[in-house]
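Trainee: Following is a predicted model, sequence given first.
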Amino acid sequence: MQYVVLHVILKEKLWGTGSGDLTSLEKAINDQAAKGYRLHTITTACSGSKE
């Protein structure tokens, strides 16, 4: 069995507004799914947001 570790960093378009780049995450997940892999775990973190 093969494992793939994929690290995707989403960039915010405007500070404190949340990620505006979810399309990149969706594409990365779909690219791996097309290869037969499945998503096992996903985590998120927020740093320095002043909403």
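Mentor: Yes, it's here.

Trainee: avg pLDDT for the helix or strand where Thr23 lies?
Mentor: Taking DSSP states H and E as the criterion, Thr23 maps to helix 22-34. The average pLDDT for helix 22-34 rounds to 86.

Trainee: Would you mind pulling the contact partners of that helix?
Mentor: For helix 22-34, contacts defined as CB atoms under 8 Å, 6 or more residues apart in numbering pick out Val4, Leu6, Val8, Leu10, Leu39. C-beta here means a position set from N, CA and C on the backbone, and glycine is covered the same way.

Trainee: With just CA atoms, put that helix into PDB.
Mentor: This file holds the C-alpha atoms of helix 22-34, laid out as PDB (Å, rounded to 0.1, in the frame of the first residue of the first chain):
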ATOM      1  CA  LEU A  22     -10.500  27.100  -1.800                       C
ATOM      2  CA  THR A  23     -10.400  26.300  -5.500                       C
ATOM      3  CA  SER A  24      -6.700  25.300  -5.100                       C
ATOM      4  CA  LEU A  25      -7.600  22.900  -2.300                       C
ATOM      5  CA  GLU A  26     -10.500  21.400  -4.300                       C
ATOM      6  CA  LYS A  27      -8.200  20.900  -7.300                       C
ATOM      7  CA  ALA A  28      -5.500  19.300  -5.200                       C
ATOM      8  CA  ILE A  29      -8.000  16.800  -3.700                       C
ATOM      9  CA  ASN A  30      -9.500  16.000  -7.100                       C
ATOM     10  CA  ASP A  31      -6.100  15.500  -8.700                       C
ATOM     11  CA  GLN A  32      -5.300  12.900  -6.100                       C
ATOM     12  CA  ALA A  33      -8.700  11.300  -6.300                       C
ATOM     13  CA  ALA A  34      -8.200  10.900 -10.000                       C
END
